[in-house]
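Colleague: kindly return the folded structure for what I paste below:
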Amino acid sequence: MNCCMNCFNDIYIKNKIAKSRKEGSCSYCESQNVKVIEVSKLKEGFRFIERMYDCIEEIEVEPSNYDEYENTLVSQIQTDWNIFNEEIGKDSILKLYKDIFEIYDNDYYTDYPVTVINRTFIRFKDMLGLDYADVEWKGFCHYLKHSRRFILDKVGNPFYNSPEYLLTDDVLSELKSTIVKGEKFYRARQSGDEEHVPYSKHEMGAPSDDKAQIGRLNPEGIVYLYTASTRKTAIAEVKPWNDVKVSVAKINIRKDINIIDFSKIPNYKSPFKYFFDNKRKQLKKDYEAISFLISLGGELSKPVNSNKSSLEYIPTQYLTEYILSKGFDGMLFKSSVGEGNNLIIFNPNDARVVGVELFQVKDIKIKISKVF
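Modeller: Below you'll find the model as predicted:
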């Protein structure tokens, strides 16, 4: 049986088929005169993926309630990886998957026996322990706040899912982005009710060292410049109320700056990349790093709570200094209160205020969810 590129979304499988010297008809999507390969040539790659799953529950059900596609591992794999092109239909995907493994003997991963059984599969994240990255980050945060803070090494730091271990140069290079000279960002500051003119350019810049208050990313006394990608995001960050007046500065980037962009955390790469590149052992490490980045991205985007102890900000301050030590000029991450992003610039001299406008907030939308 032959399959073609049109059967798949996975770029690595498509590339493998594109290198085939064989042309013909596809047995699954009925494409004609296309490059094809024998489905058995994909068997080892799919076996590699299957090992990331395990069946954890089997429940007998009435045949009328049985969905063959949804009850197979291929459905879970498709949900996690989007490997197959769903335009060919679930029946064709199921047939293709069975043919890859030459399933004719009730393999519990893919086929179903005469007694109809619904199965639940443990997902790849749990099999690989990826949720542990979040647990380790929380443990690392506690360690920084209550055990050891300024000098960490392999002996003193028992946590392997910390910036030094997971934010490797390779990972950082994928998150690296450049803010080019001349790009515009914004910075807001609440004005007094009686004010009819905005703050001056000088007043809208970074504070002096002696006035630098503690923030999520900076310790007290260390000055970074906090900016936002849009005016509305900048205004939302100062948590205004109705009718309050807000001065908004336009910030001009003075030179190209290299930043780490936490707003574009990469997705888990296809397992077929690691299989075809013969780097199978690298998969778990890369997936741990991505899980760690997802945790960090969420941590950076949490709303700032003025009632929190300053200890709560130590882990993210540590992360910031780690990125600074790697030679980067700033960090970009999603705003927790606006639709845009926040940019923190380590050296305020890399930007300048080019104009200030005064706005008045006319409406604030509130979203609520019941917790008890």
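Colleague: let me see the mean pLDDT of stretch 312-325.
Modeller: For stretch 312-325, mean pLDDT is 90.
Colleague: didn't I323 look like it was pressed against M331?
Modeller: Yes: between I323 and M331 a contact is recorded at 6.1 Å, counting by Cβ atoms under 8 Å. (C-beta placed from N, C-alpha, C; glycine too.)
Colleague: joint contacts of these two?
Modeller: I260 (Cβ atoms under 8 Å, 6 or more residues apart in numbering).
Colleague: N33 against C26, yeah?
Modeller: No: using Cβ under 8 Å, N33 makes no contact with C26, being 10.0 Å away.
Colleague: between these two, who's got more neighbours?
Modeller: Set N33 next to C26 and count neighbours by other Cβ atoms under 10 Å: C26 wins out with 23 against 9.
Colleague: let me see the contact set for the more buried one.
Modeller: 2-4, 6-7, 32, 34, 36.
Colleague: where exactly do the helices run in the stretch 251-372 of the chain?
Modeller: Counting by DSSP state H, counting those that start in this stretch, the stretch 251-372 of the chain has helices at residues 271-276, 280-300, 314-325.
Colleague: same list, the ones you listed, but as TSV with mean neighbour count please.
Modeller: Output for those, formatted as TSV (neighbours: other Cβ atoms under 10 Å):
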stretch	mean neighbour count
helix 271-276	20
helix 280-300	18
helix 314-325	19
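Colleague: go through whatever helix or strand K98 lives in and flag the buried ones.
Modeller: Using DSSP states H and E, K98 falls within helix 90-101. Applying a neighbour-count criterion of 16 or more other Cβ atoms under 10 Å, one finds 90, 92-101 buried in helix 90-101.
Colleague: beta-bridge partners for the closest residue to Q78 other than its chain neighbours, please?
Modeller: The shortest distance from Q78 to any residue that is not its chain neighbour, by Cβ to Cβ, 6 or more residues apart in numbering, is 5.7 Å, and that residue is F84. When assigned by DSSP bridges, F84 has beta-bridge partners F8.
Colleague: gap between the nearest residue to L283 once chain neighbours are set aside and R148?
Modeller: What sits nearest to L283 in space, not counting adjacent residues and going by Cβ to Cβ, 6+ apart, is Y274, at 4.3 Å. From Y274 across to R148, the span is 35 Å (Cβ to Cβ, to the nearest Å).
Colleague: can you check K211 too?
Modeller: Looking at K211 against R148, where the rule is Cβ to Cβ, the gap reads 30 Å.
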